[in-house]
Each structure stands twice: as C-alpha cells, then as structure tokens.
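Asker: One predicted model, sequence on top.
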Amino acid sequence: MKRAVCPGSFDPITYGHLDIIERASAHFDQVVVAVLENRTKASLFTVAERIEMIRETTSKFSNVIVDSWSGLLVDYCKTNSVQAIVKGLRAVTDFDYELQMAQVNLQSGIETMFMATAPAHSFLSSSLVKELAHYGGDVSSMVPTNVNAALKAQVARK
C-alpha cells in the first residue's frame, strides 16, 4: 500500500489545504493528514479541534485519515509505514524552505513530493484567514462552512 502524509498545523484548514489533500488522495492508496502538535506555537484551535474540523471536511475521501504528531516527521513516516510527504507550494518562497526540508528528509529515506497549489487558492494561508476573521472579515470563500463557523465562534469568545 502506497501511503503519503500531508503534514501541517492546519490552524485552520483552508481550501488550499483541501486542494492538495484531494489531489494527493487520487495518487496514493491512503493519505494521512497529520496535524502538528507544537507547544511552542500559539494556535487558535487545539489539536483536537483541528482534527475534528479536518475529519469533517475530508470525510468524502474514503482513503484519507487524520492523525497528529509531534517530533520529527520522518520518524512519524517510518513508524506508520508512510513512503512520501506531500507538500503544497504557493510561491517560490515556499519552495526555498520546503526544498531544504525535502533534502534532509530524503537522507532518512522519505521522499517529498511537491504539488503546486491551484491558482484560485495560491494566496491562502491559515495566518491570513485568522487575521481576516479576527477583524470580522468574510472568510467564507477561503474555508469550509464548518471551519468558518468555528472561526466565528472562536473570535466571538476572544
């Protein structure tokens, strides 16, 4: 079975992330969406909340599962029999960083595959979505309905 992982913080998941996940699911037997547990990063949503939002938005893909990890991604891949990391690229600046990571991961025997984000989503980032939502901006075209509702609720609490 060919397994791939789409890693990220997904705080929150956007249509850009979903574009990459959907396209990766067409090329692998199973795709794991792995949510980063990073205690040093201030997240808007907990890991459990992010996992639930991702599960809801990816439920239509029978070969996509959602998990979390902390530590080195290559260790997660080896432990879970994942052969490839799939990363979306929005711009050249993404490539500069991701190429270095891919070369380090390859030393551990894990391939990285890059997918160009669809042009309609190339400007999207979770940071942008959070910033817009914080100031009451409409992000409904950038995130799934359940994520939009969660953003509104989270902003109202703060």
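Answerer: Received, thanks.

Asker: what comes into contact with the worst-scoring helix or strand of the chain on mean pLDDT?
Answerer: In the chain, no helix or strand scores lower on mean pLDDT, DSSP states H and E than helix 92-107, which sits at a mean of 91. For helix 92-107, the surrounding residues in contact (Cβ atoms under 8 Å, 6 or more residues apart in numbering) are 73-74, 85, 87-89, 111-112, 114. For glycine as for every other residue, the C-beta is placed from the backbone atoms N, C-alpha and C.

Asker: Partner strands of the next helix or strand along the chain from that helix, with direction?
Answerer: Heading C-terminal from helix 92-107, the first helix or strand you meet, by DSSP states H and E, is strand 111-116. Strand 111-116 has these partner strands in its sheet, going by DSSP bridges: strand 84-89 (parallel).

Asker: Enumerate the positions of the partner strand that are buried.
Answerer: Using 16 or more other Cβ atoms under 10 Å as the test for burial, strand 84-89 gives 84-89.

Asker: pLDDT and distance to Lys60 added to those, as JSON lines?
Answerer: Formatted as JSON lines, the buried residues of strand 84-89 follow (pLDDT from 0 to 100; distance: Cβ to Cβ, whole Å):
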{"residue": "Ala84", "pLDDT": "97", "distance to Lys60": "22"}
{"residue": "Ile85", "pLDDT": "98", "distance to Lys60": "23"}
{"residue": "Val86", "pLDDT": "98", "distance to Lys60": "18"}
{"residue": "Lys87", "pLDDT": "97", "distance to Lys60": "22"}
{"residue": "Gly88", "pLDDT": "95", "distance to Lys60": "19"}
{"residue": "Leu89", "pLDDT": "93", "distance to Lys60": "24"}
